[in-house]
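Undergrad: Okay, sequence plus prediction incoming.
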Amino acid sequence: MAEISHFEYGWITPALSYALSVLGSVLGLVCAGRIRTATGAGQRVWWGFLAAWALGGTAIWAMHFMAMLGFAVAGTRIRYDVPLTAASTAIAMAAVGIGLAVVGTGRLSAARLLAGGLFTGLGVAAMHYTGMAAMRLDGTLGYDRVRVALSVVIAVVAASVALWLSMTVRRGVAIAASALVMGIAVNGMHFTGMSALSVHPHQPRGDLAGAEVSSLLVPIILAVIFGVVGLVYALLAAPTEDDRVGTAFLDARWDDAAPVAAAEPAPDPVGLRGRSTLGQPGTPFPSRRDAGRR
């Protein structure tokens with residue numbers, strides 16, 4: 001078997017991958033909280049999509065890719081199949097989106113949570129091993145079945161906890177603490193799955209198809225940056241529940257004050273109200289000479 005390194009650049013890649021998973025978890029939990037306060041089906045779909053984007057795209061898939069930057073196999077280069085890599089992204093977002101739809105429609109129950117967590121966890125595991133299958137190197141990949149099963153169990157448990165937190169956590173401190181825990185769970189699942197991997201080198205070595213990591217790094221980093229900026233902008237631009245409550249309170253006060261204002265006549269300090277001829281079309285404006293003749 002070939003020698004495998006998961007930390008080719010030291011602790012830089014795992015630290016960055018953990019930071020990405022925490023950032024995506026924070027944004028995803030906030031977006032999921034907006035699902036509960038949405039006033040219409042369109043808003044719920046919109047916030048569900050953004051939550052799936054944050055959790056599936058940033059907290060899970062971008063974390064996976066960042067951790068894979070530190071993966072190296074002695075004696076071989078590593079390339080990636082671009083369509084399979086893109087498919088792993090879609091799998092992660094779809095799995096999280098469907099899980100949120102399961103637990104977010106109707107009253108939260110244990111059955112819904114278990115079903116959503118099972119589907120999302122299996123989807124996250126499928127994303128991970130699809131991303132692994134996208135690797136192209138001079139060797140054959142092998143997996144330890146026990147560790148693979150353990151990684152799937154971790155994914156299901158982590159997904160169930162994440163879905164429960166997305167439907168229950170609302171305050172800032174609780175969201176931050178939950179995101180830290182979710183980051184540990186996501187990274188734990190990833191590195192447990194990676195520990196199950198073994199590589200048996202090929203002899204002789206041939207040409208490798210696919211894209212190098214360097215060619216994927218810039219577009220993926222730009223996609224993550226623009227994605228995070230877009231999520232932050234969407235959250236800042238949308239009214240919160242407190243904003244809606246304040247607007248409803250002001251509207252109610254305005255409705256209560258309107259009849260009172262209409263019932264009280266406006267002040268008339270110069271006596272214009274007594275001049276009934278004013279305001280009638282075709283009536284000449286009265287002058288002082290006319291007042292003297294009278």
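TA: Right, received. Where do you want to start?
Undergrad: Please count neighbours and contacts with C-alpha atoms only from this point.
TA: Fine.
Undergrad: and Leu16, how far is that from Tyr9?
TA: For Leu16, the distance to Tyr9 (CA to CA, to the nearest Å) stands at 11 Å.
Undergrad: which ones are touching the spatially most central residue of the chain?
TA: Geometric centre of the chain, nearest residue: Ala54, 2.4 Å, by CA atoms, centre = their mean. Contacts for Ala54 (CA atoms under 8 Å, 6 or more residues apart in numbering) come out as 24-25, 27-28, 228, 231.
Undergrad: Of those residues, which belong to helices?
TA: Mapping these onto helices (DSSP state H) picks out 24-25, 27-28, 228, 231.
Undergrad: Of those residues, which is the nearest to His202?
TA: Nearest to His202 among the ones in helices among the contacts of Ala54 is Gly24, at 38.2 Å by CA to CA.
Undergrad: can you map out the helices along this structure?
TA: 12-37, 41-52, 63-68, 82-104, 110-133, 145-168, 172-195, 213-237, 241-263, 288-293.
Undergrad: Share the number of residues neighbouring Asp138, please.
TA: Asp138: 21 surrounding residues under other CA atoms under 10 Å.
Undergrad: Quick check: it vs Val199, distance?
TA: With CA to CA as the criterion, Asp138 and Val199 are 9 Å apart.
Undergrad: Please state the mean pLDDT value computed over stretch 24-34.
TA: When pLDDT is averaged along stretch 24-34, the result is 90.
Undergrad: ugh, wrong one, stretch 125-141
TA: 89.
Undergrad: So what's the gap between that stretch and the chain middle?
TA: Counting by CA atoms, centre = their mean, to the nearest Å, stretch 125-141 is centred 26 Å from the centre of its parent chain.
Undergrad: now the end-to-end length of that stretch.
TA: End-to-end distance (CA to CA), stretch 125-141: 17 Å.
Undergrad: what comes into contact with that stretch?
TA: Here stretch 125-141 has contacts from 61, 64, 76-82, 84-85, 87-89, 91-92, 151-152, 155, 190, 193, 197-202, 205-206, 208-210, using CA under 8 Å, 6+ apart.
Undergrad: could you redo the last one with a cut-off of 7 Å?
TA: 76-81, 84-85, 88, 91-92, 152, 155, 197-202, 205, 208-210 (CA atoms under 7 Å, 6 or more residues apart in numbering).
Undergrad: Buried by neighbour count, from these: which ones?
TA: Buried members of the contacts of stretch 125-141, scored by 16 or more other CA atoms under 10 Å, are 76, 78-81, 84-85, 88, 91-92, 152, 155, 197-199, 201, 208.
Undergrad: where in the stretch 1-150 of the chain is pLDDT low?
TA: Across the stretch 1-150 of the chain, nothing is flagged by pLDDT under 70.
Undergrad: One more pass at 80, please.
TA: 1, 36-39, 104-106, 108 (pLDDT under 80).
Undergrad: Tell me how many other residues surround Ala62.
TA: Neighbour tally, Ala62, other CA under 10 Å: 23.
Undergrad: for it, what are its contacts?
TA: Leu20.
Undergrad: quick one: Gly139 from Ser198, how far?
TA: In terms of CA to CA, Gly139 sits 10 Å off from Ser198.
Undergrad: scratch that, Val181 is what I was asking about
TA: 29 Å.
Undergrad: Tell me how many other residues surround Val96.
TA: Val96: 31 neighbours (other CA under 10 Å).
Undergrad: likewise the one 4 residues further on?
TA: Neighbourhood size, Leu100 [other CA under 10 Å]: 27.
Undergrad: Please name the spatially closest residue to Gly10 (chain neighbours excluded).
TA: What sits nearest to Gly10 in space, not counting adjacent residues and going by CA to CA, 6 or more residues apart in numbering, is Gly70, at 7.8 Å.
Undergrad: mind listing what that neighbour touches?
TA: Gly70 neighbours (CA under 7 Å, 6+ apart): 6-9, 13.
Undergrad: Got the phi and psi for it?
TA: phi -90, psi 10 (degrees, to the nearest 10).
Undergrad: From Val213, how far out is it?
TA: Taking CA to CA, one finds Gly70 at 11 Å from Val213.
Undergrad: again, but for Phe119
TA: For Phe119 relative to Val213 (CA to CA), the value is 30 Å.
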